[in-house]
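J.: Quick one: sequence and predicted model below, then my questions.
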Amino acid sequence: MMTKMNLLRVVVFAYQLLLATAWGSSNVGGGIAGVASSESGRRHYVAAAKFAIPPHYQRSQNKFQLNSVPNGGGDNDVESLNGDGKDDDNTSTTNNEENNMTLEKASELIGTFWSMAYPYYKESQSGRRLFYGMIVLLIMNSSVSVAFSYISKDFWNALSSKDTVEFYNMMTKFGAALVVGAPVAVLYRFQREQLAVHWREWMTDRTLQLYNSNRVYYALERDFFASGEDSEGETGSKGGATLIDNPDQRITEDVRTFTAFSLQLFIELARSMIDLVSFSFILYSIQPQLFATIIGYAAFGTVTTSLLGRSLLPLNFLKLRTEADLRYLLVRIRENAESIAFYGGEDVEGKEVSTRLRKVVDNKREINVKQRNLELFTTCYNYFVQIVPVAVVAPQYFAGSIQLGVISQSVGAFNHILNDLSVIVNDFEQLSSFSAGIERLSTFLTAMRDADPSRSSEDTLLALPAEFNATSIDDEPVKEEAEISNESIQLNLQKMPFTNGDNVLMQINQLRLNTPDRNRVLIDNLDLTIREGQHLLIVGSSGCGKSSLLRAIAGLWTAGSGSITRVTDDEVYFLPQRPYCALGSLKDQLLYPSTESLNADDYPDGHRLSKSHLLRQSLTDQDLLDVLDMVDLHELPYRFGDGDPIKGLNEVLDWGNTLSLGEQQRLAFGRLVVNKPRLVICDEATSALDVASEAKMYSLLRNMAQKDLKRGEDNKVALSPSGLTFISVGHRPSLLAYHDIKLRLNGGADYDVTQIEKQSVLPQSLTSNFM
């Protein structure tokens, strides 16, 4: 039996020949003119391949925020980065000579296919077992087909000669073969579907791990958002990075299509090779002319189908894009339903939906026309199959040299071999869609690899990165550096022990911060040191770079120069203006982003578990109820649990749309109590609260930061280390009472750092409502 490696290599080689035959340019052995790729504007660079990729990218109306994705609330520092959310009708066309599918390009496409398909069979033991089982059943299924071919021949011979005994004997053999063959066929299809599901699960999970690793999801969105559009409405590569549209579709639809059709293609090719060998002997033994006829007929069908259907490749590429664009807009309308309703913007949104729907419909109509022309030929081609083998062997039958059963067997063998040699004719549309899907998926995987600072261009597309952040705390500080490029801000993450001294939690040296498109300098030559227990307030006019500075501290924005040194990510907590509410229960909202436990059974085969967000302490339900009481949300579990607070804690709702913004902001402060970070960074985290509620939230922070009297090992009383330090961005003068240092940003290199005068008590107007 062929090994798994050899079988996969046969698939790769055969698919390469199919592509070269179907879409080879006139430069390759006088082949067929190649298929023009879809649009220009963005190039996918897998080795030397130069395939054009559709340049349509989605824009978000929302502002950047310190959240999982760069959309949401926060200080709108960079108005020039806000897109209008509209695409351009202009579509540029690349040069046909450049986009023709040559043998070299087909080889690159096959190499890309191999780099995405092979890791599953290499790493997944379950996948290999399913694969080997499918191969065994495939061989058995082909053997059943050959057996039925001989049984059918003898059956028709008995019927033609009117041999009653032989006829019923063959009926008995047919029934026995059916008893054996039917389960083989059913088990073969079942095994194939099981392998397809397992492969999709593995590859989707691996793609998601790469997408979530080192905030790659944010980097892709940030680069796309900052890319802008050229004069023709196209978006391309920016600073060497590949810009990605609709990553959700690529993770779901493109991965599903890739795994399903890859398996289907492999099965067809493997079955074709087995059948080709088996039935070629049968056909050649009947009449050698039949074998020559089928070769010529299959070659004619392949060449004609390729000529008629070569324009389907760019149309199917465009189909993926236009349908994703329409879905994106409908989801966007749903997510912003309240704002649209307040404005009464249904007509504007409806116009945009109609525009995108028209593009989907126009594309489908073009595909229908091409399919009509293609199917006119393939239908005639398939009808002629019924009479071509009969016409070749009919003279022998009329001469009495062969029986009717031989004609039946020759027709069956002819059809088997013809199907084996006519993969392009039978699956041309799917093959063109599959090629477009390979391009989209490989572009996405390449962009994720380029956006991940812990991966290099030498890594394979599906290779997991090395661990970026350590999860254990050693006795000695461990310094981790992530330098993206020569023109990027250097972020140093340093573990620091808790001491009674003045630890430096964050230090900024010679920071120059640009917008992601590098067209504007927000902050220049900034030097700043924050020690334990020093609380910083960042102020300044709108657009001066306050929230952008927080993004740089988080490592989300890297355009610029200089360095930022701070404690590691597991000791830092960011509070955006609009907190993110995950899918889950109220309890999950309080624990976010931590989790109580990790179970490998909850993840697909091959998933790498990360313990960086395991909850540091065990909390009971009563502890969580007490936390809600600290942030004035004690009524929430009672409200949603019908009077039962424990039931309310475990109630699963869409909390982002259920809670008001003020409730969400107070819930975010509750997360601080649960997660106990050392450094908290707030981006207008109390903007939706009244002054009294704001005072209570910051009083909670001050209490968490307070040093307590503690008796040491030498029996001496001393102050304990600070619990936490916080940095805030805000506009309200009331915030001055809770901070020690003020950083005023005036744009560029104009900034000043001043000490805030201490106040012994909070103003009466701030405390009268809750004390």
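T.: Yep, it's here. It should be emphasised that the depicted structure is a prediction, and the values quoted were computed from it without experimental measurement.
J.: Helices along the stretch 501-650 of the chain, start to end?
T.: Assigned by DSSP state H, counting those that start in this stretch, the helices in the stretch 501-650 of the chain fall at 546-554, 586-591, 621-630, 635-640, 645-649.
J.: Assign the residue positioned nearest the centre of the chain to helix, strand or coil.
T.: The geometric centre of the chain, computed from its C-alpha atoms, lies nearest to I251 (CA atoms, centre = their mean), at 3.6 Å. Following DSSP: H, G, I helix; E, B strand; the rest coil, we place I251 in the helix state.
J.: Isn't it up against R206?
T.: No. Here I251 does not reach R206: they are 10.5 Å apart, not a contact under CB atoms under 8 Å. For every residue, glycine as well, the C-beta is placed using N, CA and C.
J.: Flag the shaky bits of the stretch 601-750 of the chain, pLDDT-wise.
T.: 601-603, 606, 609-617, 707-722 (pLDDT under 70).
J.: For the one helix or strand R372 maps to, which residues meet the burial criterion?
T.: R372 belongs to helix 346-385 when assigned by DSSP states H and E. Residues of helix 346-385 classed as buried by neighbour count (16 or more other CB atoms under 10 Å): 349, 352, 356, 359-360, 363, 366-367, 370-371, 374, 377-378, 381-382, 385.
J.: Who are the packing partners of the very next helix or strand once past that helix?
T.: The helix or strand immediately downstream of helix 346-385 is helix 388-398, counting by DSSP H and E. The contact analysis (3 or more CB pairs under 8 Å, 6 or more residues apart in numbering; DSSP states H and E) places helix 388-398 against helix 288-309, helix 404-421.
J.: who does the first one touch, helix- and strand-wise?
T.: What it means is helix 288-309. Partner elements for helix 288-309 (3+ CB pairs under 8 Å, 6+ apart): helix 4-23, helix 255-286, helix 346-385, helix 388-398, helix 404-421, helix 423-451.
J.: what comes up buried for stretch 295-309?
T.: Y297, A298, G301, T302, V303, T304, T305, S306, L308, G309.
J.: So which of the residues you listed is the closest to H607?
T.: Taking CB to CB as the measure, H607 lies nearest G309 of the buried residues of stretch 295-309, at 40.0 Å.
J.: Verify the stated contact: the closest one with L374.
T.: Yes. With contact defined as CB under 8 Å, G309 counts as touching L374 (4.6 Å).
J.: Quick check: the gap between the residue nearest to S433 when sequence neighbours are not counted and T304.
T.: Spatially, and ignoring its direct neighbours in sequence, S433 is nearest to N316 (4.3 Å; CB to CB, 6 or more residues apart in numbering). N316 is 20 Å from T304, where distance means CB to CB, to the nearest Å.
J.: ditto for H634
T.: Following CB to CB, the distance that separates H634 from T304 is 75 Å.
J.: F266: neighbour count?
T.: When neighbours are defined as other CB atoms under 10 Å, F266 has 24 of them.
J.: Kindly report the same for the one 10 residues further on.
T.: Residues within reach of L276, counting by other CB under 10 Å, total 14.
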